[in-house]
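**Student:** how would this look folded up:
(chains A and B)
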Amino acid sequence: MEHPILFISVILDWLGLPVPHGPIGATFLEKICEPYMTYSWLVMAFLFVVPKLTLGKLELVPGTGQNFWEVLVGGIMDFFSAHMGREKAKMLFPMLATFFLYILLANMIGLMPGFMSPTSSLNITLAMTIIVWIMHHVLGFRYHGWKYYKHFTGPIAIMAPFMIILELIGNVARLVSLSMRLFGNILAKEILLAVLFMLAGAFFAPLPILALGVLVSLIQAVVFVLLAVIYCVGAMEHAH
Amino acid sequence: MEKLHLALVCFAAATSIGLAGLGAGIGMGQGVGSACAGISRNPEAKGVITTTMILGMALIESIAIYGLVIAFILLYANPFKEALLG
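**Tutor:** The predicted structure follows:
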C-alpha cells in the first residue's frame, strides 16, 4: 500500500526535518517526526487554543462559546457522577475528561483527507491504556490497602488460589483489550478509507465509510472512557 | 516466496476476520434483539437500555477487531517474513 500524503509530514519534509517512512524512526529526531507524534501535537494544540478562544472570561449569563463548554463539561461530569458519586468523580474528572476529549478529537481528525488519526497507532492507545491500568490499581491500593487482593479471590474461600490466577489473567487482559479495541477500530477505518479512496475515489465511494467513521469515532471514545470508569469503580468499591 | 505459502497467508488472514466477524455478528444480533424486546416491554427505560446496548456492542465488536488485527499482522507485519522469503 503506498504511503499516504499527510500535510504535516509534507510541511516538515519541506522544512528539512527527517520524516520517517516506516512505523518507527531510526534516530530520535526521526522518532518525534513520526506522523502519529506530530498529529498528536496538532490535537493537543487544538485542545489548548480553541477553549482559550471560545471561553474568554466566565460570565454569569453565558454566551455561545461558554454555553457549549458548560453543556460538554456538565454532561461529562454528570456521566461520571452517575457511576462514581460526586467526590470521586471530581477526583478522576481531569484525567478521564482529558482522555475523552483527546480520543474523540484524535479519532475524528483521521476522517479528513490529508490527516491521520494518532490513535491509529498502537503506541498512543497503549500509552493511554497503561495509564488507566496503573491508575485503577493505585486507586485499589489507596482505598483498600493490602486487602485489595480480596477483589481477586472470588466468592468462595476454598477456590481462592484458582480464582486469583484467573482474575489476574483477566486483569492483565484488560491491557490488551482496551488498547486493541481503540487501535483496531481506528486503524480499520483508516485503511478502509485509504483503500476505497484508491479504488473508486472519483465516485465518492468513501462516503458511507466516512459517515460510519463519525459514529465509530464517537462510540469508541465513549467506550474507552466508560470502561476506564468501570475499572476504577470496580477497584474502589468493596469486594463481594 | 512460493505461491502456496503466499496463498496460505492470504487465506489465513481472510479466514481470521471472516470467522471473527461471524461470531460477532451472531452475538450482536442477539444483543440488539434483547434490547428491542426490553424497549418494547418498557418504553420509559429507552435511554438506559440504549446506552447498555451500545456499550455491549462495542465490547462484542472488540473480539472481531482482535481477528482483524491478526489479519493485518499477517499481511503487513508478518513476523515470519524472512523464513517465507528465503
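**Student:** which residues in the chain form helices?
**Tutor:** I'll assume chain A. If you assign secondary structure with DSSP state H, the helices in chain A sit at A:7-15, A:28-32, A:35-55, A:64-84, A:86-109, A:122-144, A:160-200, A:207-236.
**Student:** wrong one, chain B
**Tutor:** B:3-41, B:46-76, B:81-85.
**Student:** what's the most buried one of those?
**Tutor:** Comparing the helices of chain B by mean neighbour count (mean count of other Cβ atoms under 10 Å in any protein chain shown), helix B:46-76 comes out on top with a mean of 17. Using the backbone N, CA and C atoms, a C-beta is placed for each residue, glycine as well.
**Student:** tell me how far it is from the chain's mean position?
**Tutor:** In this view, helix B:46-76 has its centroid 6 Å away from the chain centroid, taken as Cα atoms, centre = their mean, to the nearest Å.
**Student:** returning to what we had before: for residue B:83, find the nearest of the helices of chain A.
**Tutor:** Judged by Cβ to Cβ, the one of the helices of chain A that comes nearest to residue B:83 is helix A:122-144, at 23.8 Å.
**Student:** what's the closest one packed up against?
**Tutor:** Other elements packing on helix A:122-144 under the criterion 3 or more Cβ pairs under 8 Å, 6 or more residues apart in numbering or on different chains; DSSP states H and E are helix A:35-55, helix A:86-109, helix A:160-200, helix A:207-236.
**Student:** buried sites along the second one?
**Tutor:** Within helix A:86-109, the residues that count as buried by 16 or more other Cβ atoms under 10 Å in any protein chain shown are A:88-89, A:92-93, A:95-97, A:99-109.
**Student:** Contact partners for the residue in chain A sticking out farthest from the centre?
**Tutor:** What lies farthest from the middle of chain A is residue A:158; by Cα atoms, centre = their mean that is 39.5 Å. The contact partners of residue A:158, by Cβ atoms under 8 Å, 6 or more residues apart in numbering or on different chains, come to none.
**Student:** Residue A:53 too?
**Tutor:** Residue A:53 touches residue A:65, counting by Cβ under 8 Å, 6+ apart.
**Student:** picking up where we left off before, Serialize the helices of chain B to TSV and add fields for distance to residue A:13 and mean pLDDT.
**Tutor:** Shown next, in TSV, are the helices of chain B (distance: least, Cβ to Cβ, whole Å; pLDDT from 0 to 100):
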stretch	distance to residue A:13	mean pLDDT
helix B:3-41	32	93
helix B:46-76	23	88
helix B:81-85	28	79
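**Student:** can I get the ones you listed in a markdown table with distance to residue A:135?
**Tutor:** Putting the helices of chain B into a markdown table (distance: least, Cβ to Cβ, whole Å) gives the following:
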| stretch | distance to residue A:135 |
| --- | --- |
| helix B:3-41 | 29 |
| helix B:46-76 | 20 |
| helix B:81-85 | 37 |
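**Student:** Which one, of these, ends up nearest to chain A?
**Tutor:** Across these, chain A has its closest neighbour in helix B:46-76 (3.4 Å, Cβ to the nearest Cβ).
**Student:** From the rest of the structure, what touches stretch B:10-23?
**Tutor:** Stretch B:10-23 is contacted by residues B:63-64, B:66-68, B:70-72, B:74-75 when judged by Cβ under 8 Å, 6+ apart.
**Student:** Next up, the contacts around the residue nearest the centre of chain B.
**Tutor:** Centroid check for chain B by Cα atoms, centre = their mean gives residue B:64 as the closest residue, at 1.3 Å. With contact taken as Cβ under 8 Å, 6+ apart, residue B:64 is in contact with B:17, B:20-21, B:23-24.
**Student:** just to revisit the earlier point, quickly, which of the helices of chain A bottoms out on average pLDDT?
**Tutor:** Per-stretch mean pLDDT for the helices of chain A is lowest at helix A:28-32 (a mean of 82).
**Student:** if I look at residue A:193, how far off is residue B:54?
**Tutor:** Distance of residue A:193 to residue B:54, computed by Cβ to Cβ, to the nearest Å: 23 Å.
**Student:** tell me the pLDDT at the residue farthest from the centre of chain A?
**Tutor:** Reading off the model, residue A:158 has pLDDT 81.
**Student:** what's the answer for residue A:240, then?
**Tutor:** 52.
**Student:** Same check on residue A:110?
**Tutor:** pLDDT for residue A:110: 90.
**Student:** same deal with residue A:2?
**Tutor:** On the pLDDT scale, residue A:2 gets 61.
**Student:** And for the spatially most central residue of chain A, nearest residue in space, chain neighbours not counted?
**Tutor:** Per Cα atoms, centre = their mean, the C-alpha nearest to the average position across chain A is that of residue A:103, at 3.7 Å. Leaving aside its sequence neighbours, residue A:103 sits nearest to residue A:221 (Cβ to Cβ, 6 or more residues apart in numbering or on different chains; 4.3 Å).
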